[in-house]
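Enquirer: here are the coordinates; sequence isn't available:
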């Protein structure tokens, strides 16, 4: 799946959405997610996975293990109480998916989770991680994610 469209529009959306999550601003996040509906959900998922994994790897230079992911899941559920409809299942799907692990197909999940919900929860996770690391900016991670997507697409 080639990521098409205007990367600048997707970049602007990602920065706005993650900034809203860092600021714990549910109304700004809702506006960003409304804008996300005009973007391809699969593309957003691909970009957000490409952002989340390197952010987590940089946070844990000795490696990310299951305990790290469980801690982040617990912290994110607690610290995003400001956000409407936080779903621990969606957070877990996003976290495991960022590392290429699929624990269940969509049909096997206890309840449906849409691409848009996954994008929102990826933003919440990114916001949580970045809020604990003042001074860390999203831009270098966006650049890395786009480079990785381009490399993958060139191989296809």
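Expert: Noted; the coordinates are in hand. Model, not experiment: these values are computed from the prediction.
Enquirer: for residue 48, see how far away the nearest residue to residue 120 once chain neighbours are set aside is.
Expert: Closest residue to residue 120 apart from its sequence neighbours, by CB to CB, 6 or more residues apart in numbering: residue 33 at 5.3 Å. (Glycine included, C-beta is placed from N, CA and C.) For residue 33, the distance to residue 48 equals 12 Å [CB to CB, to the nearest Å].
Enquirer: between the two, who's got more neighbours?
Expert: residue 48 (25 against 17; other CB atoms under 10 Å).
Enquirer: downstream of the helix or strand where that one lies, the next helix or strand is which one?
Expert: Remark: residue 48 resides in helix 41-59, with elements defined by DSSP states H and E. Remark: after helix 41-59, the chain's next helix or strand is helix 66-79, criterion DSSP H and E.
Enquirer: immediately after that next one, which helix or strand?
Expert: helix 88-98.
Enquirer: which residues does that next one contact?
Expert: Here helix 88-98 makes contact (CB atoms under 8 Å, 6 or more residues apart in numbering) with 45, 48-49, 52-53, 56, 69, 72-73, 76-77, 102-103, 109-111, 113, 117-118, 120-122, 124-125.
Enquirer: which residues touch the one helix or strand in the chain whose mean pLDDT sits lowest?
Expert: Least confident element among the helices and strands of the chain, by mean pLDDT, DSSP states H and E: helix 41-59 (a mean of 85). Applying CB under 8 Å, 6+ apart, the contact partners of helix 41-59 are 1, 3-5, 10, 14, 36, 64, 68, 72, 94-95, 97-99, 114-116, 118-119, 122-123, 125-126, 129-130, 133, 136, 138, 141-142, 144-146, 148-149.
Enquirer: show me what contacts residue 7?
Expert: By CB under 8 Å, 6+ apart, the residues touching residue 7 are residue 146.
Enquirer: how near is it to residue 153?
Expert: Counting by CB to CB - residue 7 and residue 153 are separated by 12 Å.
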